[in-house]
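# Show me the folded form of this:
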Amino acid sequence: MALFKKRTVGKPGEWFYCLEHKKVEEGPECPAKDRFGPYTSRQEAQRAMETAQERNLEWETDPKWHDRPNPDENAGG
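Numbers count the residues shown, from 1 in each chain. I've put the predicted structure just below:
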């Protein structure tokens, strides 16, 4: 008896972007490690790489991300 059932068919309306094949697919055709999603529309899945790029830029330019603690804050112990 298998502990985990492999899900071969997605729910209607689930869209994914396959990183391996660089294509949009309805339902999970490729392994989870190779895809982004689920998305609610085909258009949203088509923009998956752009969305990831935009989010990475936001994180890289977030002033709080690269903060170094103030030495005076750590003195109180």
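
# what's the nearest residue to residue 13 if we skip its chain neighbours?
residue 40 (6.7 Å; C-beta to C-beta, 6 or more residues apart in numbering). All C-beta spots, glycine's among them, are computed from the backbone N, C-alpha and C.

# swap in residue 11?
Distance criterion C-beta to C-beta, 6+ apart; nearest residue to residue 11, sequence neighbours excluded, is residue 27 at 7.4 Å.

# correct me, but that neighbour touches residue 13?
No: the criterion here is C-beta atoms under 8 Å, and residue 27 misses it with residue 13 at 9.4 Å.

# ok, these two, which is more surrounded?
Applying other C-beta atoms under 10 Å to residue 27 and residue 13 shows that residue 27 carries more neighbours, namely 16 against 12.

# how far away is the more buried one from residue 46?
To residue 46, residue 27 is 16 Å away according to C-beta to C-beta, to the nearest Å.

# Please enumerate the helices of this structure.
Using DSSP state H, the helices of the chain run over residues 42-46, 48-61, 71-74.
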